[in-house]
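# model this:
(4 chains)
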Number of protein chains: 2
Amino acid sequence: MAIRAVTLADIAREAGTSRSTASRALNGRGYVSARARARLLAAADRMGYVPNASARTLKQKTSRVVGVVVTDLGNEFYARLAAGIEQTLREADHQMVLVADNSDSEQELRGIRTFIAMRAAGVIMTPANDASGALLARHDVRIVEVDRRLADVPCDAVVIDNQRGAQDATEHLLELGHRRIGILAADTDWTTDAGRVGGYRLAHDQGGVPVDERLIVRIGFHAPDAETKIDALLDDGSPTAIFAANNPLAEAAWNVLRRRGLALPRDVSLVAFDDVPWMTMVEPGITVIAQPTIEMGRRAARLLLARVDDGVGEPHVELLQPTLVVRGSTGPPRPSGR
Amino acid sequence: MAIRAVTLADIAREAGTSRSTASRALNGRGYVSARARARLLAAADRMGYVPNASARTLKQKTSRVVGVVVTDLGNEFYARLAAGIEQTLREADHQMVLVADNSDSEQELRGIRTFIAMRAAGVIMTPANDASGALLARHDVRIVEVDRRLADVPCDAVVIDNQRGAQDATEHLLELGHRRIGILAADTDWTTDAGRVGGYRLAHDQGGVPVDERLIVRIGFHAPDAETKIDALLDDGSPTAIFAANNPLAEAAWNVLRRRGLALPRDVSLVAFDDVPWMTMVEPGITVIAQPTIEMGRRAARLLLARVDDGVGEPHVELLQPTLVVRGSTGPPRPSGR
DNA sequence: CTGTTAGCGCTTTCAG
DNA sequence: CTGAAAGCGCTAACAG
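Numbers count the residues shown, from 1 in each chain, chains lettered A, B, ... in the order given. Got it, this is the predicted structure:
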């Protein structure tokens, strides 16, 4: 239909001005007489003018695109993070180009390169690779890390207090009388898992309860054998409670417990890190360490936007506090022991 | 750090060739001697060359960006759709810029304009506004509609057979003996809701069961009064079964039933359109019309990619079949009646 | 096989 | 307040 896209030159000609004046009028910067502006605006509207973002980006050496990389869009947690980011970016008239990396460094790096190629205004990521930060910094693109920290260059971040949350969860269990608490954590070197395992240990230390290392189970992301490992924990570790340090592991644990016919909390107590919908719907509801996921996304976006405006400066790190929500899945251990 | 981004000219100079030759070497199209190519590639690598996407887009009048607009990223269904799209796009070395429109025409149009500005290779959307299609067509950008159809211009689409699914759900209930089946559908003019309500009616017609219009309840997206309307249905319509035509409505219905202490399926049967994780975790599990959501996203992306390569031609519409999965939430109505 | 040339559409000094 | 001019980085004829 459209023989040729309408350009600034077209509307300038139509309104009888130069391209420069047209540019000023349509962007609202620089002096333009009211009359000229009105004619230009009318012409643009009439001709259905849509500015060419590439041309502008080429000239200005920066775009309104923000690159976002998350681990897995199919995981409710990351989906909500992305939802918060998108919302805030949209309100600020920026665009989100979203890449999932399945926690694979190579995928992440490819995404990052694309963002550099697009002259992204900035990048928000749940990092998987500490080299990405340096690459981005070298190309002068701003970074905000969210959920976890990894970059070996200073950058903004918004994270949850993982240690505090895990400590709360563990103390809650300890107070109920549990002495053999299994912990299920992802098999990564991420700050999230380190913090959560750390909080678990700390609570034990402070409570004077020794930690049996067999109770600490690391399970890879998307590992097919998650349930097997949980079964093994149950068989060999005799835990009276389980702390699942992320929502897929909580789901796996819950499924194993159900399959084995173990009643919550009578036979085993369960606490999860990260609250997702099913946890309030099952009976009993799951006790959780809730995190403000969408809000984390929003804040990450705001931090990035601020950084883009203000340029360099001290890194801002926002540490949000998680909340222990006690529901029915936790209770005292069986008096009998085992 | 980087004083100035390294450009094609830099690496051409470094390798002692012209920019054109460098361009050919790095893109692998056109003749380049093996020696020149090797030198160029080495130089690019050494200097950390990242091509400038805007410059390329400006020249070629098209990018590798695909615009995607979904209704609500916070809804599991749309998140999975996006996940499937992203995965396929990534494998084909394209980028997804993702916008949520909250089923608001104005938001959608803004997104669309952005995509046009970016010279997107194409757009995939769960449409909310029939004007978007025309606008995109005018600017010569390819469209794939997913989940529902709306555009007033011919375009590719991948949708589920809503009528078939709803008919299956309703027949299942009818066969169990239900005669008063409530249906909860979104308050839209979308093909999804029309198809689902249509299938519900059709099953009744074919079964020779009259439909009481009071049993058909339309509830706006994100309506705060969803539960109120469901309560009203229960109070005034005396349904023995409820068919929730999308997953948020299923969740709302389930919550209302639980609050009122109604047992599934003894007091009321429940069927949902769209299978999400909680539906297998609650007790009893929810009988659903399952749709291959991630696969729908993948197919939409493949369709778009094919369209971008092949240019114009007959619209391809993929109609996927949903599956009835019977779980515990459906059973015969109470013999007593009410 | 390679280099020259000519833009793509926009913004931004800089004179007027 | 406005226009002329230059150029962002890349690609695509085209002529050698």
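
# and stretch A:217-230, what's its mean pLDDT?
Taken as a whole, stretch A:217-230 carries a mean pLDDT of 90.

# show me what residue of the stretch 101-250 of chain A gets nearest to chain B.
Ranking the residues of the stretch 101-250 of chain A by distance to chain B (Cβ to the nearest Cβ) places residue A:117 first, at 4.2 Å. Where you see a C-beta, it was placed from the backbone N, CA and C, and this is true even at glycine.

# give me the number of residues near the nearest residue to that residue once chain neighbours are set aside?
In space, not counting the residues next to it along the chain, residue A:117 is nearest to residue B:53; the distance is 4.2 Å by Cβ to Cβ, 6 or more residues apart in numbering or on different chains. Counted with other Cβ atoms under 10 Å in any protein chain shown, the burial measure for residue B:53 works out to 24 neighbours.

# can you list the residues of the stretch 51-200 of chain A near DNA strand D?
Selection of the stretch 51-200 of chain A residues close to DNA strand D by Cβ under 7 Å from any atom of the strand yields A:55, A:58-59, A:61.

# and the residue of the stretch 101-250 of chain A closest to chain B, how far is that from residue B:65?
Using Cβ to Cβ, to the nearest Å, we find residue A:117 at a distance of 11 Å from residue B:65.

# swap in residue A:244?
For residue A:244 relative to residue B:65 (Cβ to Cβ), the value is 38 Å.

# likewise residue A:159?
Where residue B:65 is concerned, residue A:159 sits at a distance of 30 Å (Cβ to Cβ).

# where do the helices of the stretch 1-150 of chain A begin and end?
A:8-15, A:19-27, A:34-47, A:53-60, A:76-91, A:105-117, A:130-138 (DSSP state H, counting those that start in this stretch).

# any idea how far the residue nearest to the spatial centre of chain A lies from residue B:260?
Compute the mean C-alpha point of chain A, and by Cα atoms, centre = their mean the closest residue is residue A:81, 4.5 Å away. Separation of residue A:81 from residue B:260 (Cβ to Cβ) stands at 35 Å.

# do residue A:320 as well
Counting by Cβ to Cβ, the gap between residue A:320 and residue B:260 amounts to 36 Å.

# neighbour count winner among these two?
Counting neighbours by other Cβ under 10 Å for residue A:320 and for residue B:260 shows that residue A:320 has the greater number, 17 against 13.

# residues contacting that one?
A:158-161, A:291-292, A:295-296, A:299 (Cβ atoms under 8 Å, 6 or more residues apart in numbering or on different chains).

# which pLDDT value belongs to the closest residue to residue A:17 other than its chain neighbours?
On the basis of Cβ to Cβ, 6+ apart, the spatially nearest residue to residue A:17 that is not a chain neighbour turns out to be residue A:36, at 5.6 Å. The model reports residue A:36 with a pLDDT of 85.

# burial of residue A:36, as a residue count?
For residue A:36, the count of nearby residues is 18 (other Cβ under 10 Å).

# shouldn't it be in contact with residue A:18?
No: under the criterion of Cβ atoms under 8 Å, residue A:36 lies out of contact with residue A:18, with a separation of 10.0 Å.

# returning to that earlier point: more crowded one of residue A:117 and residue B:65?
More neighbours sit around residue B:65 than around the other of residue A:117 and residue B:65, counting by other Cβ under 10 Å; the figures are 27 against 18.
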